[in-house]
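S.K.: Next comes the sequence, and after it the predicted model I'd like to discuss.
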Amino acid sequence: MSTQSPKTEEVVLEVMRHFGFRRNYQVAEYFEVTPQTLSGWIKTGEIPPKHLMKYTAEVLGNNDQDKVAPHTPDLSSSNKETQIDGVATQKFSGLQTIKLWKKNRNILLGLPIITILVMSVYVFWIANPIYTSSAKVLPISEDGSSSNGFSGVAAQLGISIPLSMGGTVPWDEIYPEIVQSSNLLITILPDSFSTQKYGKMSLNYILVQEHNLSKYNDPDRSNRAITNLQKMINISKDRLSPVVTIKVESFEPSFAAELLKRLIEKSGQIQSQLKTNRVRQKRIFIEERLKSVSQEMDKMETELREFREYNRNLSSSPSLQMRVQEMGRERDLQNSLYVTLKTQYEKAKIDEVERDDMVQQIDGPNIPTKLTRPRRGLSIVLSMFFGIFSSILTIYFRENYIETNPT
């Protein structure tokens with residue numbers, strides 16, 4: 001009676017251990033069959049006799065043919081595949097590493113080269129170049145100083161101070177909002193700018209062509225142009241300093257610097273206009289108040305004069321003397337108020353006609369010499385590492401899933 005032949009999975013595992021194989025396709029090459037055929041052996045649990053004879057002679061060193069007999073496996077196909085895949089991973093030898101590299105050298109070299117070429121084409125010919133021009137400005141407050149000193153101390157203590165304190169406006173706090181306001185940007189859209197790409201054209205035309213806005217109707221086109229212009233402007237301000245930093249991004253360095261310069265000029269004009277309007281409102285209020293105080297003062301003087309005429313014996317009556325003194329004090333108070341208002345009125349008239357520059361440029365705008373983005377060198381280096389990682393991942397997937405478990 002012949003003994004049972006070894007199980008198929010045991011044969012495969014023994015061949016792997018004996019020859020140092022790591023994958024099923026290597027066992028298939030040993031038996032000179034395809035990986036699909038080996039998978040069929042594992043599923044049916046039967047190995048042809050001639051291949052068992054080779055296994056017995058070369059692996060077991062036993063030529064006894066009586067041990068070869070067909071058998072029926074007692075494990076399901078899923079359990080067999082699990083056991084085969086569960087073979088302990090052996091360390092790569094130097095020879096195996098060289099063989100693996102030679103076998104997949106096209107992938108190891110090809111993918112990084114392809115990613116570098118694709119990224120180079122993108123950053124040099126496809127991606128829109130962006131240049132950034134920057135400037136630092138100092139908004140001037142109403143009293144000629146750069147900012148309220150108390151608000152700076154309060155900011156260090158973490159205390160929020162309202163925009164208006166003591167009748168003055170800290171323009172450095174509201175200046176960023178002025179620069180990015182739609183009212184200011186609308187005034188710049190008709191201005192002409194010189195560019196190498198579009199020639200000397202209006203800012204509105206440049207934005208429409210650069211951002212493909214010609215397909216929209218006029219109102220929507222203008223709104224989209226303003227929105228894109230706002231995205232080109234970046235404003236930052238340190239909470240402990242009144243200095244404001246403005247940056248403008250554009251496709252040409254000279255255009256970015258010219259646009260930034262125009263923004264600073266227009267913002268200074270609008271800030272001066274806001275100040276003038278505020279002073280005008282103050283002057284109008286003082287005018288109305290002066291009229292009211294002047295009428296009240298005339299009324300008190302008339303009452304005092306009539307009181308003296310009807311009461312000529314004031315020296316003989318203490319109560320009449322006290323009344324005269326009270327009326328005199330009220331008249332003097334109105335007179336003092338009138339003098340104060342008159343002084344403020346003259347000052348408001350002077351401030352209203354002043355046209356001082358309320359924005360002082362500290363630095364810039366400079367013409368950028370380097371690209372802000374894309375960062376070509378960094379992009380190419382990152383694409384190279386991405387290509388290497390992709391090639392390693394491809395080789396791993398190929399060695400572990402495609403060739404080991406062929407369909």
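M.R.: That came in fine, so what should we check first? Numbering: from 1, shown residues only.

S.K.: Any stretches of the stretch 151-300 of the chain with poor pLDDT?
M.R.: Applying pLDDT under 70 to the stretch 151-300 of the chain flags residues 151-172.

S.K.: at 80 what do you get?
M.R.: By pLDDT under 80, the weakly predicted segments of the stretch 151-300 of the chain are 151-173, 238-240, 271-278.

S.K.: With the stretch 1-150 of the chain instead?
M.R.: 1-7, 61-100, 140-150.

S.K.: Quick one: the strands in it, in order.
M.R.: Along the stretch 1-150 of the chain, counting by DSSP state E, counting those that start in this stretch, strands occupy 131-139.

S.K.: ranges for the helices of it?
M.R.: 8-19, 24-30, 35-44, 49-55, 77-85, 94-103, 105-121, 149-156 (DSSP state H, counting those that start in this stretch).

S.K.: so Asn212, which of the three states?
M.R.: coil (DSSP: H, G, I helix; E, B strand; the rest coil).

S.K.: residue contacts, Arg226?
M.R.: Not Arg; residue 226 is Ile. Ser182, Leu185, Ile186, Leu189 (CB atoms under 8 Å, 6 or more residues apart in numbering). Where C-beta positions appear, they are placed from N, C-alpha and C, glycine not excepted.

S.K.: so who does the last one touch?
M.R.: Neighbouring residues of Leu189 by CB under 8 Å, 6+ apart: Ser202, Leu203, Asn204, Leu207, Ser222, Ala225, Ile226, Leu229.

S.K.: just to revisit the earlier point, format the helices of the stretch 1-150 of the chain as TSV; extra columns: distance to Gly387 and mean neighbour count.
M.R.: TSV is the format used below for those (distance: least, CB to CB, whole Å; neighbours: other CB atoms under 10 Å):
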stretch	distance to Gly387	mean neighbour count
helix 8-19	33	17
helix 24-30	27	19
helix 35-44	29	17
helix 49-55	42	17
helix 77-85	30	15
helix 94-103	16	11
helix 105-121	3	15
helix 149-156	50	13
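
S.K.: how about those, which one is nearest Glu287?
M.R.: Nearest to Glu287 among the helices of the stretch 1-150 of the chain is helix 149-156 (30.9 Å), distances taken as CB to CB.

S.K.: are any of the contacts of Ile226 buried, and which?
M.R.: Using 16 or more other CB atoms under 10 Å as the burial test, these include Leu185, Leu189 as buried.

S.K.: Spit out the contact partners of the residue lying closest to Gln344 once chain neighbours are set aside.
M.R.: Distance criterion CB to CB, 6 or more residues apart in numbering; nearest residue to Gln344, sequence neighbours excluded, is Ile286 at 5.5 Å. If you count contacts by CB under 8 Å, 6+ apart, Ile286 has them with Leu341, Gln344, Tyr345, Ala348.

S.K.: Output the residues you listed in JSON lines; the columns should cover secondary structure.
M.R.: Output for the contacts of Ile286, formatted as JSON lines (three-state DSSP):
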{"residue": "Leu341", "secondary structure": "helix"}
{"residue": "Gln344", "secondary structure": "helix"}
{"residue": "Tyr345", "secondary structure": "helix"}
{"residue": "Ala348", "secondary structure": "helix"}
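
S.K.: want to try TSV for the helices of the stretch 1-150 of the chain, with distance to Tyr216 as columns?
M.R.: Output for those, formatted as TSV (distance: least, CB to CB, whole Å):
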stretch	distance to Tyr216
helix 8-19	68
helix 24-30	60
helix 35-44	60
helix 49-55	74
helix 77-85	59
helix 94-103	56
helix 105-121	31
helix 149-156	43
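
S.K.: And those: which comes nearest Ile392?
M.R.: helix 105-121 (8.0 Å).

S.K.: what helices or strands is the closest one leaning on?
M.R.: In terms of contacts (3 or more CB pairs under 8 Å, 6 or more residues apart in numbering; DSSP states H and E), helix 105-121 is packed against helix 376-397.

S.K.: need the contact list for Pro190.
M.R.: Neighbouring residues of Pro190 by CB under 8 Å, 6+ apart: Ser202, Leu203, Asn204.

S.K.: Just among those, which is most surrounded?
M.R.: Compared across the contacts of Pro190, Leu203 has the highest neighbour count, 21 neighbours, by other CB atoms under 10 Å.

S.K.: how near is that residue to Val137?
M.R.: Taking CB to CB, to the nearest Å as the measure, Leu203 falls 20 Å from Val137.

S.K.: for Pro318, same thing?
M.R.: In terms of CB to CB, Pro318 sits 68 Å off from Val137.

S.K.: From the chain's centroid, how far away is the helix or strand encompassing Gln271?
M.R.: Assigned by DSSP states H and E, Gln271 falls within helix 253-310. Centroid separation for helix 253-310 versus its chain: 43 Å, with CA atoms, centre = their mean, to the nearest Å.
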